[in-house]
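# following is a predicted model, sequence given first.
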Amino acid sequence: MLILGIDTSCDDTSSALVEFDEGVKKTGTPRVISNVVSSQAEIHARYGGIVPELASRRHIEMIWPVVREALGGKELEELAAIAVCAGPGLIGSLLVGCSFAKALSFSKNIPLVGVNHLEGHILSAFIENSPEFPFISLVVSGGHTSLYLANGFLDYTEMGKSRDDAAGEAYDKVAKLLSLGYPGGPDIDRLAREGNPRAIPFPRAYLPGSLDFSFSGMKTAVLNYLNEKKNSGDIPVNDIAASFQQAVLDVLLRKCQQAIKKTGVSRLALAGGVASNSALKEGLRVMAGKTGTELFIPSPVFCTDNAVMIAVAGYHRMKAGQLAGPGLNPKASLKL
Ligand code: KG4
Ligand code: ZN
């Protein structure tokens with residue numbers, strides 16, 4: 001069963017062709033045939049963040065070339081469904097993917113499925129692995145930082161979320177303060193390896209009694225530190241990167257441990273762009289080893305935004321009979 005995935009929720013135009021094995025076990029094991037991502041990072045880099053209007057315009061230019069490349073010569077008639085991300089995300093960006101998917105679906109009479117981007121990230125755990133339910137999912141991206149208890153396909157309980165900035169957003173904002181590239185996460189990840197994570201005591205918002213997160217205070221603390229240091233001429237960029245990253249990771253690790261303890265579930269899946277952070281992965285591996293937790297971390301291409309995860313979520317929605325029609329409208333703040 002072939003499913004075409006499409007994601008234009010933010011600043012990447014993505015499309016993927018995924019085949020689902022409906023064989024003996026009927027598990028819907030995905031086989032990735034193609035995974036095409038056209039990044040807009042270069043366009044937004046000079047502004048240090050995403051410019052929504054530029055993002056939508058670029059999606060319009062790239063959507064057909066990206067989908068055509070993902071199809072790789074397969075005929076549209078061979079598709080069992082088209083799965084498209086319907087939110088949350090930037091509304092102008094989402095509209096491009098949804099309008100395109102609706103047009104394809106209508107013109108060729110192919111079933112259409114609307115997919116929540118966050119469900120896509122949670123189910124990215126199934127692209128290369130097959131965790132048993134229930135498992136805890138930490139989604140850490142540029143737009144979201146949330147902890148879910150995944151009870152089954154299509155059944156998720158939100159245990160906590162960021163009350164302000166997402167972890168990736170904090171990385172990007174701190175990178176901008178340090179005049180690094182965009183998106184800033186990979187640069188901070190790299191520089192932090194050369195710095196001392198205990199050099200600067202940036203605050204950690206643990207929010208006792210809650211599994212929620214807060215990262216905006218850390219970003220402000222970095223800004224205040226830079227303002228204090230401004231006249232001394234010596235800005236220890238590596239130490240700032242390492243200390244900021246340590247503060248973020250301390251909070252993420254503690255919340256994961258608390259979620260495991262609270263639920264008694266010792267399976268943890270990581271998802272979202274920040275899940276490709278080397279220190280986070282290492283920290284989680286150590287924690288998992290100590291607590292006997294089974295850890296599922298996708299390859300970096302499946303951590304960052306991609307359409308394979310949209311196809312996987314679309315497959316399960318379709319199996320549950322949840323098809324969309326021409327009335328499918330994206331929502332910027334679509335709830336899971
Ligand atoms: O999941 P994603 O591709 O898009 C959203 O749905 O937001 O995540 C992008 C975010 C950006 O904020 C980027 O800086 C961050 O993921 N990121 C990282 C790393 N690679 C990407 N953050 C920390 N360390 C990394 N290695
Ligand atoms: Zn995402």
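Perfect, thanks for sending it. Please read all numbers here as calculations on a predicted model, not as lab measurements. Numbering: from 1, shown residues only. Ligands and ions are numbered 1, 2, ... in the order given.

# which one's the longest helix in the chain?
Assignment by DSSP state H gives helix 237-263 as the longest helix of the chain.

# show me where the protein has helices.
So, for the chain - with DSSP H - the helices run 41-45, 52-71, 91-108, 117-123, 125-128, 167-177, 185-192, 216-229, 237-263, 278-291, 300-303, 308-319.

# comparing those, which gets the lowest mean pLDDT score?
Ranked by mean pLDDT, the helices of the chain end with helix 41-45 at the bottom, a mean of 90.

# any residues of this protein in contact with ligand 1? List them.
10, 141-143, 168, 171-172, 183-186, 189, 272-274, 276-277, 304-305 (C-beta under 6 Å from any ligand atom). C-beta here means a position set from N, CA and C on the backbone, and glycine is covered the same way.

# can you rerun that using 8 Å?
9-10, 12, 89, 117, 121, 140-144, 166-169, 171-172, 175, 183-186, 188-189, 245, 271-278, 280, 300, 303-305 (C-beta under 8 Å from any ligand atom).

# may I see the PyMOL selection of the buried members of those residues?
Applying 16 or more other C-beta atoms under 10 Å to the residues of the chain next to ligand 1 leaves a buried subset, and the PyMOL line that selects it is:
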select buried, resi 9+10+12+89+117+121+140+141+142+143+144+166+167+168+169+171+172+175+183+184+185+186+188+189+245+271+272+273+274+275+276+277+280+303+304+305
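
# still on that earlier bit, now the helices of the chain in a markdown table, with distance to Arg198?
Output for those, formatted as a markdown table (distance: least, C-beta to C-beta, whole Å):
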| stretch | distance to Arg198 |
| --- | --- |
| helix 41-45 | 31 |
| helix 52-71 | 38 |
| helix 91-108 | 40 |
| helix 117-123 | 31 |
| helix 125-128 | 33 |
| helix 167-177 | 17 |
| helix 185-192 | 12 |
| helix 216-229 | 15 |
| helix 237-263 | 7 |
| helix 278-291 | 13 |
| helix 300-303 | 27 |
| helix 308-319 | 36 |
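
# among these, which is nearest Leu328?
Leu328 sits nearest to helix 91-108 of all the helices of the chain, at 6.0 Å, using C-beta to C-beta.

# could you list the buried residues of that closest one?
Applying 16+ other C-beta under 10 Å to helix 91-108 flags 91-102, 104-105 as buried.

# residues in contact with the most centrally placed residue in the chain?
For the chain, Gly272 is the residue whose C-alpha lies nearest the centre (C-alpha atoms, centre = their mean; 2.7 Å). Gly272 makes contact with His121, Leu138, Val139, Val140, Ser141, Gly142, His144, Thr145, Gly168, Cys303, Thr304 under the criterion C-beta atoms under 8 Å, 6 or more residues apart in numbering.

# need the pLDDT of Asp234.
pLDDT recorded at Asp234 is 85.

# name the nearest residue to whatever residue of the stretch 1-150 of the chain ends up closest to ligand 2, sequence neighbours excluded.
In the stretch 1-150 of the chain, no residue comes nearer to ligand 2 than Ser141, which is 4.2 Å away by C-beta to the ion. Residue nearest to Ser141 in three dimensions, not counting chain neighbours: Gly272, with 3.3 Å by C-beta to C-beta, 6 or more residues apart in numbering.

# over to Ser146?
Lys161 (4.2 Å).

# likewise for Val265?
The shortest distance from Val265 to any residue other than its chain neighbours is 5.2 Å, reached at Pro134 (C-beta to C-beta, 6+ apart).

# report the contact partners of that neighbour.
Leu149, Ala150, Asn151, Gly152, Thr263, Val265, Arg267.

# what about it, distance to Thr29?
20 Å (C-beta to C-beta, to the nearest Å).

# repeat that for Ile6.
Computed with C-beta to C-beta, the distance linking Ile6 and Thr29 is 21 Å.

# next one: Lys74
According to C-beta to C-beta, Lys74 stands 19 Å off from Thr29.

# does Ala307 touch Ile3 like I think?
No: at 9.8 Å, Ala307 and Ile3 do not qualify as touching, with contact defined as C-beta atoms under 8 Å.

# between the two, who's got more neighbours?
Neighbours were counted for Ala307 and for Ile3 using other C-beta atoms under 10 Å; Ala307 has more, 34 against 28.

# done for today, thanks.
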